[in-house]
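I need the structure of the sequence given here:
(chains A and B)
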There are 2 protein chains.
Amino acid sequence: MNRESLIQQINTKSSFLCVGLDTDPNLIPEHLKNHPDGVFEFNKAIIDATKDFCVSYKINTAFFEAMGSKGWEIMERTFAYIPDNILKIADAKRGDIGNTSNQYARAFFESLGADCVTLAPYMGKDSLDTFFKYPDKWGIVLALTSNPGSADFEQQKLESGEFLYQSVISEMCKIGSADNLMFVVGATKPQEFREIRKSAPNHFLLVPGVGAQGGSLSEVCENGLIQDIGLLINASRSIIYAGKDENFAQKAQDEARKIQAEMAEILAKRA
Amino acid sequence: MNRESLIQQINTKSSFLCVGLDTDPNLIPEHLKNHPDGVFEFNKAIIDATKDFCVSYKINTAFFEAMGSKGWEIMERTFAYIPDNILKIADAKRGDIGNTSNQYARAFFESLGADCVTLAPYMGKDSLDTFFKYPDKWGIVLALTSNPGSADFEQQKLESGEFLYQSVISEMCKIGSADNLMFVVGATKPQEFREIRKSAPNHFLLVPGVGAQGGSLSEVCENGLIQDIGLLINASRSIIYAGKDENFAQKAQDEARKIQAEMAEILAKRA
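Down below sits the predicted model:
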């Protein structure tokens, strides 16, 4: 999906919500735990219930890998089930030397059909540039994450005076553009969004940490929204585990709708 | 596998070679390309041919993920096929927030039965600490990699005066010990091994970059060997693709034996 289509979807739905599918077989409702294809049925019901209120799904590969090849197969079917007008993100945090990253790009863009894959920048530009060579596909590079450990390296100051995450943003802008490169910036760091907008004024930012991790939607929007929106706000657990019984899909929809309504209000105010 | 067993294996075989299984279905011999289970048959033949000359296999997850769920299933069977007295490394370069990293640890240590998984440190200590809570399992953290892009961030100097990769080593030593933490250090950086040994005097280092990437075994050993050996030297393409025909396993064995002989000589000299 290209940038224009993404923005169009956001405007059509008045939503820039990304629903995170961190599907844990131990946390799905009881009646699905006993279903032979319970994890896929859960994903399917969540997608059916929330697809009118979000513009993206983020599939957390770890949860599927933990189920082995069966889990990878469920992930394949889940990607295939997501409607094509919704941005499909593989949250995989990959990154390796060139000939290995080529294989990851094939895994996510070709085999799974994802539109985007999240990437870890530690090994440098040449470890990620292959992901920016696919038309209408996106690399989403970790910049400033929502966990306390972001203080260990991401927020360390370099000799140059900038923080590591700022250097990551400026270096990655040399291999990707606002049309195929996004950054992960945690919602728990709203005050940093203004600074980040100086180096990435037009890039979309994928923002986890609203909901279960305690970030505030309004604060993030206040500091991060741009003319072309430029934000995808992810919520995972607070939506998909909103209900614990047979009503789980309805509860997930209610939660997604609530966030979408907040987003619609924010978008209306700035129009 | 614990440290004591690993060292014992190294001494028994006079080898600290790790064979990297970067199995690309396009690069296996013609007769296996037409085999219904050719990739697994290739891995099996390489393992049978090289297992007496190496102490570890490193399975590069990207190459299997690129084949989809079928590839993950081949990876499962490959891990299961490796004899238990050989260290099984999942070269996956994972790392994420805690509840996601828990799932990766389950995927690699529990579901696949790997002894070690390679980890990307960008998100900080709390993104990786779960990997150090499994008895007799190892986390192998990226420190200084063999690719040119290591200059972008890994070799950037922090305000504190140390390079980022040095800070990664010292921070990670707070959550792991020489019994469950290794570091990836590229063979293309032999002169850095002495410096690294100051902060990680007893840790095993996993060293890619000998062979196809041009690093020198003797230089690495000169600067990185310790009393307990402390090195696992990886070679992938130069071994597994040494032959292109039906003789590929024999050629791989010849190549592995050659490196093992060099290692035996190095070990004998220091005895």
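
So residue A:183 lies in a strand, does it not?
Yes - membership of residue A:183 in a strand is supported by DSSP: H, G, I helix; E, B strand; the rest coil.

Tell me the secondary structure of the closest residue to it other than its chain neighbours, please.
Counting by Cβ to Cβ, 6 or more residues apart in numbering or on different chains, the nearest residue to residue A:183 once its immediate chain neighbours are dropped is residue A:143, at 4.1 Å. For every residue, glycine as well, the C-beta is placed using N, CA and C. Using three-state DSSP, the structure places residue A:143 in strand.

tell me, how many neighbours does residue A:143 end up with?
30 (other Cβ atoms under 10 Å in any protein chain shown).

didn't it look like it was pressed against residue A:170?
No - Residue A:143 is beyond contact range of residue A:170, at 10.3 Å (criterion: Cβ atoms under 8 Å).

helices or strands up against the helix ranked longest in chain A?
Secondary structure assigned by DSSP state H gives helix A:248-270 as the longest helix of chain A. Helices and strands touching helix A:248-270, by 3 or more Cβ pairs under 8 Å, 6 or more residues apart in numbering or on different chains; DSSP states H and E, are strand A:17-21, helix A:38-50, helix A:217-224, strand A:231-235, helix A:237-240.

Touching the last one from outside, list them.
It refers to helix A:237-240. A:19-23, A:42, A:46, A:50, A:210-212, A:248, A:252, A:255-256, A:259 (Cβ atoms under 8 Å, 6 or more residues apart in numbering or on different chains).

what's the spacing between residue A:131 and residue A:177?
According to Cβ to Cβ, to the nearest Å, residue A:131 stands 13 Å off from residue A:177.

Against the centre of chain A, work out the most remote residue.
Distance from the C-alpha centroid of chain A, by Cα atoms, centre = their mean, peaks at residue A:159 (31.2 Å).

if I pick it, what's in contact with it?
So residue A:159 contacts B:156, B:157, B:158, B:159 (Cβ under 8 Å, 6+ apart).

can you rerun that using 6 Å?
By Cβ atoms under 6 Å, 6 or more residues apart in numbering or on different chains, the contact set of residue A:159 is residue B:157.

Check residue A:57 too.
A:19, A:21, A:82.

Equivalent analysis for residue A:233, please.
A:16, A:17, A:207, A:210.

That one and chain B, how far apart?
16 Å (Cβ to the nearest Cβ, to the nearest Å).

can you check residue A:21 too?
Here the distance between residue A:21 and chain B works out to 12 Å (Cβ to the nearest Cβ).

Any idea what that residue is bridged to?
For residue A:21, the beta-bridge partners are residue A:59 (DSSP bridges).

is it true that it touches residue A:59?
Yes - counting by Cβ atoms under 6 Å, residue A:21 does reach residue A:59; the two are 4.9 Å apart.

need the contact list for residue A:200.
Applying Cβ under 6 Å, 6+ apart, the residues near residue A:200 are residue A:169.

Which phi and psi values does it adopt?
Phi and psi for residue A:200, reported as degrees, to the nearest 10, are phi -130, psi 70.

if I look at it, how far off is chain B?
Distance from residue A:200 to chain B, by Cβ to the nearest Cβ: 17 Å.

Between residue A:131 and residue A:177, tell me which one has more neighbours.
A count of neighbours by other Cβ under 10 Å puts residue A:131 above the other of residue A:131 and residue A:177, at 27 against 12.

which bits of the stretch 1-150 of chain A sit near chain B?
Within reach of chain B by Cβ under 6 Å from any Cβ of the partner chain, the stretch 1-150 of chain A has these residues: A:60, A:62-63, A:65-66, A:68-69, A:72-73, A:76, A:93, A:96-97, A:100, A:103-104, A:106-107, A:111, A:120, A:122-127, A:142, A:145, A:147-150.

Dump the helix or strand where residue A:74 lies to CSV, keeping only the CA atoms.
For residue A:74, the element it lies in under DSSP states H and E is helix A:68-81. What follows is helix A:68-81, C-alpha atoms only, in CSV (Å, rounded to 0.1, in the frame of the first residue of the first chain):
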residue,chain,number,x,y,z
GLY,A,68,6.1,-23.3,16.0
SER,A,69,5.4,-24.0,12.3
LYS,A,70,1.7,-24.3,13.1
GLY,A,71,1.8,-20.8,14.4
TRP,A,72,3.6,-19.5,11.3
GLU,A,73,0.9,-21.1,9.2
ILE,A,74,-1.8,-19.3,11.3
MET,A,75,0.1,-16.1,10.7
GLU,A,76,0.0,-16.7,7.0
ARG,A,77,-3.8,-17.2,7.0
THR,A,78,-4.2,-14.2,9.2
PHE,A,79,-2.3,-11.9,6.8
ALA,A,80,-4.3,-13.3,3.9
TYR,A,81,-7.6,-12.7,5.8
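
Run the angle between it and helix B:68-81 for me.
170 degrees (axes from the mean of the first three to the mean of the last three Cα atoms, to 10 degrees).

What residues of helix A:68-81 count as buried?
Using 16 or more other Cβ atoms under 10 Å in any protein chain shown as the test for burial, helix A:68-81 gives A:68, A:69, A:70, A:71, A:72, A:73, A:74, A:75, A:76, A:78, A:79.
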